[in-house]
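# Pasting the sequence and the predicted model now:
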Amino acid sequence: MADIKAHARTVAGALLNWWKAVTIEALCVALMWWIGLLLLHVPLAGVWALIGGLMTFVPNFGGVITVIFPVLAILFSGDDMYRLGLVLGLYGLIVVVDQLVLQPYLLRRTNRVPIWASIFVPILLGILIPFWGVLLAPPLLAVVYAFRKPKAPNPLS
């Protein structure tokens, strides 16, 4: 019974650390959206940035949902297509920075998940189990690496 409680504590701690990482990631994504949309003079930039931060919690579809609103704001304000292209480019930049830099770095800092694992495991699980694989990969990685014992320090180094 003590083993089950210890394992449950380990899992709970790993998931809490993962949740902290996702929350920090959401704040960073919201900040990137806010700065980018302000620079592009998109109406209601703060609202769209807040939605962008909240949509970080929705894998795969969150980014697409986020970009719809600024695109519609540009289209309905009658602005040129050049700014629309810039908004779409901003979306691409934020997705790349978030998925290839920010998320792997935060998972490494909070859950000791190697950067290579946080990039390739969601891709692999997305191929093996579409949608669910990508959805479950980050918290699953956090739990798996929580059970790995840290290496003992080398006394000779």
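Done, it's in. Remember, predicted model here, so these are calculated numbers, not experimental data.
# Report the rounded mean pLDDT for stretch 66-79.
Per-residue pLDDT values over stretch 66-79 give a mean of 87.
# just stretch 103-123 next, same as before
Stretch 103-123 carries an average pLDDT of 90.
# buried set for it?
103-104, 106-108, 110-111, 113, 117-118, 121-122 (16 or more other CB atoms under 10 Å). C-beta coordinates here come from the backbone N, C-alpha and C atoms, glycine included.
# same deal with stretch 62-69?
For stretch 62-69, burial by neighbour count (16+ other CB under 10 Å) applies to 62-63, 66-67, 69.
# Send me it as PDB with only the CA atoms.
Output of stretch 62-69 as PDB, limited to C-alpha atoms (Å, rounded to 0.1, in the frame of the first residue of the first chain):
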ATOM      1  CA  GLY A  62      -5.600  25.800 -30.100                       C
ATOM      2  CA  GLY A  63      -3.200  27.600 -32.500                       C
ATOM      3  CA  VAL A  64      -5.600  27.400 -35.400                       C
ATOM      4  CA  ILE A  65      -8.500  28.700 -33.300                       C
ATOM      5  CA  THR A  66      -6.200  31.500 -32.000                       C
ATOM      6  CA  VAL A  67      -5.300  32.800 -35.500                       C
ATOM      7  CA  ILE A  68      -8.800  32.800 -36.800                       C
ATOM      8  CA  PHE A  69      -9.800  35.900 -34.700                       C
END
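# which ones are touching the spatially closest residue to Leu124 that is not a sequence neighbour?
Closest residue to Leu124 apart from its sequence neighbours, by CB to CB, 6 or more residues apart in numbering: Gly133 at 7.5 Å. When contacts are counted by CB atoms under 8 Å, 6 or more residues apart in numbering, Gly133 is found next to 122, 124-127.
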